[in-house]
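Participant: Got a predicted structure here, sequence first:
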Amino acid sequence: MRYPPSAHKPEARGYMTQEETGKSAVQQNMRALMTFLTQYPPFNQMEASHTALLLERAVLTFYADGDIILSPDLGIVDHFYIVKQGHIRGERKSIKDRALINGTTISSADSIPNENTEPDRSPSATFEISPGECFPIAALIGERATRTVHRASGDTFCLKIPRDHFVNVFTESEIFRDFCLRGVSSLLDQVNRKIQSKAVETLGNQHSLDQAIAELAVRNPIVCTPDLPLQKAIGVMHNKNVGSIIITDDSRQPKGIFTLRDVRRVIAEGQYDFEAPISSVMTPDPMSLHSSASAFEAALLMAKHHFAHVCVVDDDNALTGVVSERDLFSLQRVDLVHLARSIANAPSIVTLLSIREDITKLIDTMIAYGAASQQLNHIITLLNDYTVVRVIELTVQSFGDPGIPFTWLVFGSEGRKEQTLVTDQDNGILFQAPPGMTDEDARSVLLPLAKEINTRLDECGFTWCKGNIMASNPDLCRSLKEWEEWYSRFIHTNTPENLLKSSIFLDMRPIWGDEKVATEMFKRVVGIIQKNTLFQKMMAACAMHHRPPLNMFKGFIYAKGGEKHTIDLKTQGLTPFVDAARILSLGQGIIESNTIDRIHALVKCGVMDNKDANAWIESYGLIQLLRMRNHQEQSRTGKELTNRISPAQLNQLDQRILREAFRQAKRLQHKLEVTYTL
Amino acid sequence: MNILGGRFFNLNWLKKDPKAKARANALPRPQAIDFTPLKETRFVVMDLETTGLNIHKDQVIAVGSVVIENNEIQLNQSFERTIYRTLNKVDDTVLIHGISPEEIASGEPATDVLAEFMKYSGECVFLAYHAPFDQGMLSRALKRDMGLPLKHVFIDVADIAAALFPGVNLGRSMQNAGLDDWVEHFGLNVSNRHNASADALATAEIMLILLREAEKQAIDTLAQLAEKVKGYKRLRVMKR
């Protein structure tokens, strides 16, 4: 298309004229910016011509991490900003009471100071402005300076529009004006409302499992003294129509429990004496929990011990209530107790298999009820442990007792109690050769048994380990001495391969057999590592290879290989936390293997600040939860379970949460760098 | 032979067109590499689309550019024009650029576009990624289509980046690194790459990062920046 030369009115330096500007406004770059803006409110509702008008006098500016864009002492603001890439952090002094910092996950992580800002920001509240968001609207309309320091959080590009032009668009576009005016009272509140409503939506009624048992427990449970005759006790239960009676002493301390199940047992055993004191047939020392414990803890305790009742006690250990399995069920709580019991008593592998199908359902329900990932990890680990133990028991039964004491060890995520639905086997055997038998002899007896156990576990959904880290591998079926020598070599010859393996073998836990032998051995191993700072340093350097997937604008860095534009939540998101926690805690001689337990232990020995630790635990949990939600979704739709997730398919809130969590991972890695001067 | 013929033809045509000559006379002065602060310098970041990579043979078919002033990309001063050319065949590069033969056929005459572009550029320093190519192309086009020499200074953004971030690992040597490598390194969101103005904008965004880095390294004037780049190039030669 030709333009008549008369349309070109030269200006002082020969810049473009109005007509040309009009023409350039529809150019590629402007189109790209328009497309960018129309993803976000209010631009997604504004007339395209108004958005174009806004962009007509926009410039694109860059701020390096930590640069201050606006601050109260810079005077009346004269530009309107839209974040194009990166983030802006708003730092405001003493508005602690803002709703934004109440409880929501993002803000509590947000309130942890970033290492790039001054360390002393205790009285300030912060918020983050993400791509597509605008600032400082209130100050612009009020023709004043900002009350907030706006600082680039990571490297950031902003579109910057002069105030008078902002006013033009403000006058022209009703939608833009509405947006600005509504935002004036409190932009923060608006953002917060969005977060909260989303949180309620996704988390469902969160308290169902976090609720204190005091709220669920039957108050004033039926109690009696230990000397009450059996017949009278059953009479009381019948009259009051209850399933249990608690036997207490003078100071209301629970001494025993007698339930309907016990009535059945007593009668079935046939040697009952109705006049005998209840204390002779009660279950002594009933399990009890403090009234502040959660429903989840109660469910877990019941599942662990296969009991259906838990006493609720106060600070003085005096009985205040009782909570039954039925109380948990009546609130549509999970089938956990029942499931654990069925697994532990499964008569055959086939039964185990069918029971384990229910685990997926259970986890589904729990996610719907808003369980935290830590709780989910706990439950999956618990049920998996039961399954493994049951498989070993069943196999030993059918194979016959080998006559060699052995301990079943689990490594990696199973060792950390951090299993999800996707799980493969990482296990080994620690045996003690009986007198007259060499280690080699013992091994040859145990290996076929181990192979059978591995095979059966595979049938139960614990897939065969690709790296052959399994008890049936002769290299992983060792005596105590062999294991100790192996670990010692492993630590002293820090080859790259060994360092990679450390993420598997240094997360170890015995789950069947003599656990003490294994624990004692592991304590000695940790002791060796604690003294070997070179090994720690090499592990730390190795851990730096897994960078959290955020670029300098807090955009996501996609994982290599596999599906395009996806993030690997496990290797990119979780591994930095897991590795850092492992290295730091081994450095302190901490023998816990669970990541969160390790972080707690690190706080106790003063390596970590409590606030930092909480932010890290929370972030770790959020990534883990996202991962599990992804697994559930995949298993529902019959897809293969992977750890890959496409950030583009997450809603804005989840994307933000994920970014914040990755930022925390970066901070934790930074701590590792500082600690080991990498 | 054909090329030579075309050249004579074009020059003759120029002499017959007084309007073109008048425009050519109005070429702006180049910005000198002196103590002008970077913040006050007008940078024109350009990207040319051409029919191929041969400076002596291929033709410019599109010009895209944006202006950096006051360390900000002045979006309203963007420039994008397609140039009318008669093409012998639809070759691969045209397909890569996504500029269709129809678009080229409906482009504006080269003289108009070039004159307009020079007027728009004004007293500036030109920036481009792998600038010698764009410099060569523009210089040849100016000479051929307008009979004028190009006196403006070009600085290669690739060199500035390498000079200011010498330790960066792009997974290949700095000289072999393409615009995409830096785009990826800095994690820029770039839409529609391999379009002249999108590439110019990407280059300009990188330049904003570089200008901020220069500020951090206390490089404040054009002369200092040029010196830094020169130092880097000298080092590069020595390493070879």
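Facilitator: Cool, the structure landed.
Participant: and residue A:404, how many residues sit next to it?
Facilitator: Neighbour count for residue A:404, taken as other CB atoms under 10 Å in any protein chain shown: 18. The C-beta positions use only the backbone N, C-alpha and C, and glycine is treated the same way.
Participant: Do I have it right that it meets residue A:435?
Facilitator: No: look at residue A:404 against residue A:435 with CB atoms under 8 Å: they stay out of range, at 11.2 Å.
Participant: Check the offset of stretch A:454-468 from the chain's centre.
Facilitator: Relative to the chain's own centre, stretch A:454-468 is displaced by 26 Å; criterion: CA atoms, centre = their mean, to the nearest Å.
Participant: Can you tell me what sits against it?
Facilitator: Contacting residues not belonging to stretch A:454-468 are listed as A:349, A:352-353, A:356, A:384, A:387-388, A:391, A:394-395, A:423-427, A:470-472 [CB atoms under 8 Å, 6 or more residues apart in numbering or on different chains].
Participant: And the strands in chain B, which stretches?
Facilitator: For chain B, applying DSSP state E gives strands covering B:43-50, B:60-69, B:72-82, B:125-128, B:154-156.
Participant: so which of the ones you listed comes closest to chain A?
Facilitator: In terms of CB to the nearest CB, the element of the strands of chain B nearest to chain A is strand B:72-82, at 3.8 Å.
Participant: Note down every partner strand of that closest one and its orientation.
Facilitator: strand A:59-63 (antiparallel), strand B:60-69 (antiparallel) (DSSP bridges).
Participant: Residue A:235 - how many residues pack around it?
Facilitator: Neighbours around residue A:235, by other CB under 10 Å: 13.
Participant: Summarise which helices and strands the helix or strand containing it is packed against.
Facilitator: Assigned by DSSP states H and E, residue A:235 belongs to helix A:230-240. The helices and strands touching helix A:230-240, judged by 3 or more CB pairs under 8 Å, 6 or more residues apart in numbering or on different chains; DSSP states H and E, are strand A:223-224, strand A:244-248, helix A:260-269.
Participant: could you give the angle of it to strand A:244-248?
Facilitator: Angle, helix A:230-240 to strand A:244-248, by axes from the mean of the first three to the mean of the last three CA atoms, to 10 degrees: 130 degrees.
Participant: contacting residues around helix A:230-240?
Facilitator: A:222, A:224, A:228, A:243-245, A:258, A:260, A:263, A:266, A:272-278, A:280-281.
Participant: What residues are bridge-paired with the residue nearest the centre of chain B?
Facilitator: In chain B, the C-alpha nearest the mean C-alpha coordinate belongs to residue B:46, at 3.5 Å (CA atoms, centre = their mean). Beta-bridge partners of residue B:46, counted by DSSP bridges, are residue B:65.
Participant: quick revisit: got a quick ChimeraX command for the buried subset of the contacts of helix A:230-240?
Facilitator: Buried members of those, defined by 16 or more other CB atoms under 10 Å in any protein chain shown, are picked up in ChimeraX with:
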select /A:222,224,228,243,244,245,258,263,266,272,277,278,281
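Participant: all helices for chain B, in order.
Facilitator: Applying DSSP state H to chain B gives helices spanning B:2-16, B:18-25, B:92-97, B:101-105, B:110-121, B:131-146, B:157-164, B:179-186, B:196-216, B:222-239.
Participant: which ones are touching the residue of the stretch 301-450 of chain A found nearest chain B?
Facilitator: Nearest residue of the stretch 301-450 of chain A to chain B: residue A:373, at 28.3 Å (CB to the nearest CB). Going by CB under 8 Å, 6+ apart, residue A:373 touches A:621-622, A:624-625, A:627-628.
Participant: Inside strands: which ones of the residues you listed?
Facilitator: Among the contacts of residue A:373, no member lies in strands (by DSSP E).
Participant: Any idea which helix or strand in chain A has the lowest mean pLDDT?
Facilitator: Ranked by mean pLDDT, DSSP states H and E, the weakest helix or strand in chain A is helix A:105-110, scoring a mean of 34.
Participant: Okay, now the unreliable bits of the chain?
Facilitator: With no chain named, the answer covers chain A. A:1-27, A:92-127, A:182-210, A:328-335, A:368-372, A:552-554, A:651-653, A:656 (pLDDT under 70).
Participant: was after chain B, sorry
Facilitator: B:1-26, B:87-99, B:191-194, B:239-240.
Participant: Not counting sequence-adjacent ones, nearest residue to residue A:177?
Facilitator: residue A:170 (5.3 Å; CB to CB, 6 or more residues apart in numbering or on different chains).
Participant: I figured that neighbour was touching residue A:178, is that so?
Facilitator: No: between residue A:170 and residue A:178 there is no contact under CB under 8 Å: 10.2 Å.
Participant: Could you report the neighbour count for the residue of chain B found nearest chain A?
Facilitator: Closest contact between chain B and chain A, by CB to the nearest CB, is at residue B:187 (2.8 Å). Using other CB under 10 Å, residue B:187 is surrounded by 18 other residues.
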